[in-house]
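K.L.:
Sequence below, structure please.
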Amino acid sequence: MIIRIKLFATLGSYNPEVAAGVPFVFEMPEGSTLSDLIKHLQLPEKEVNLSFINGRIESKDYPLKSQDDVGFFPLIGGG
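P.N.:
Next up, the predicted model:
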């Protein structure tokens, strides 16, 4: 199944072919979860703070569906 992905802020460095926040497509096997996608993208799980699917925050056990729009955000600090 085809998933559209956006990696925001520092997570963008894990796909240097695309600028942070710019969508790209990725193919995943049927039955995959959000956690499976994180592993396939080789994102450090501890760095993924928020995961949005189709504009809604979802847990890492969310079952992906073809054509889902996924956004990953790291923990962001400031002061």
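
K.L.:
What does residue 50 show for phi and psi?
P.N.:
Dihedral pair for residue 50: phi -130, psi 140, per degrees, to the nearest 10.

K.L.:
Against residue 71, how distant is it?
P.N.:
Residue 50 sits 8 Å away from residue 71, going by Cβ to Cβ, to the nearest Å. To be clear about C-beta, it is placed using only N, CA and C from the backbone, and glycine gets the same treatment.

K.L.:
Just give the nearest non-adjacent residue to residue 36, would you?
P.N.:
In space, and not counting its chain neighbours, residue 36 is closest to residue 28: 6.8 Å by Cβ to Cβ, 6 or more residues apart in numbering.

K.L.:
Counting neighbours, what do you get for the one you found?
P.N.:
Residue 28 has 19 neighbours, counted by other Cβ atoms under 10 Å.

K.L.:
same check, this time on residue 13
P.N.:
Count around residue 13 with other Cβ under 10 Å applied: 10.

K.L.:
For it, which residues are in contact?
P.N.:
residue 20 (Cβ atoms under 8 Å, 6 or more residues apart in numbering).

K.L.:
Equivalent analysis for residue 46, please.
P.N.:
By Cβ under 8 Å, 6+ apart, residue 46 has no neighbours at all.
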